[in-house]
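Visitor: Would you be able to build a 3D model of this:
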Amino acid sequence: MYEVGAAVDVRALHVMPGVEGPEGVLHAHDYRIEVVVERDDLDERAMVCDIDVLQAALDAAADHVRDVDLEVIRPAGAEAVTVEVFARWAHGAIADRVRSSGADALTVRVWETPMAYGGYRAPLS
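Guide: Have a look, this model is predicted:
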């Protein structure tokens, strides 16, 4: 399986309801969003996906949440925007733009700290 990836740093705000301390009030995190596109075989240009297309899709997703409260992406039924929820949202925001490349799968990881992340992976078919 071949893969290409891209990353972007973005500051956004969130709150964890019912939690005491700093996490229980609106606060900022410096997130790092990483994306990896996978494909069994390279295309006619010897690519998995054009990295410029991937980076543009990732930048657009990051711009949507940059310096805002992540409530804007909270899905119905989710108590809060955790890194897992954030990763699933980013996958949806990016998938359509890279699906046309013929890629097989997209993985998104949202790093909340240099040591901790949540992720989401799904096929693009």
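Visitor: okay, the residue of the chain positioned farthest from its centre: pLDDT?
Guide: The centre of the chain is farthest from one residue, Glu44, which by CA atoms, centre = their mean lies 27.5 Å away. Looking at Glu44, its pLDDT is 92.
Visitor: Kindly report the same for His27.
Guide: Note for His27: predicted pLDDT of 89.
Visitor: One more: the one 4 residues further on?
Guide: Per-residue confidence for Tyr31 comes out at a pLDDT of 97.
Visitor: ok but it is inside a helix, no?
Guide: No: applying DSSP: H, G, I helix; E, B strand; the rest coil, one finds Tyr31 to be strand, outside a helix.
Visitor: Can you tell me the element the residue farthest from the centre of the chain falls in?
Guide: Using DSSP states H and E, no element contains Glu44; it sits outside every helix and strand.
Visitor: Relative to Val53, how far out is it?
Guide: Glu44 sits 15 Å away from Val53, going by CB to CB, to the nearest Å. C-beta here means a position set from N, CA and C on the backbone, and glycine is covered the same way.
Visitor: Likewise for Phe86?
Guide: The gap separating Phe86 from Val53 is 22 Å, by CB to CB.
Visitor: Comparing the two, which residue is more hemmed in?
Guide: Neighbours per residue (other CB atoms under 10 Å) separate Phe86 from Val53, with Phe86 holding more: 27 against 16.
Visitor: dump the residue contacts of that one.
Guide: Residues near Phe86 by CB atoms under 8 Å, 6 or more residues apart in numbering: 31, 70, 73, 110, 118.
Visitor: How much space separates the fourth one from Val35?
Guide: Noted for Val110: a distance of 10 Å to Val35, by CB to CB.
Visitor: What is the burial count for the residue lying closest to Leu124 once chain neighbours are set aside?
Guide: Closest residue to Leu124 apart from its sequence neighbours, by CB to CB, 6 or more residues apart in numbering: Arg99 at 4.6 Å. Per other CB under 10 Å, the neighbour tally for Arg99 reads 15.
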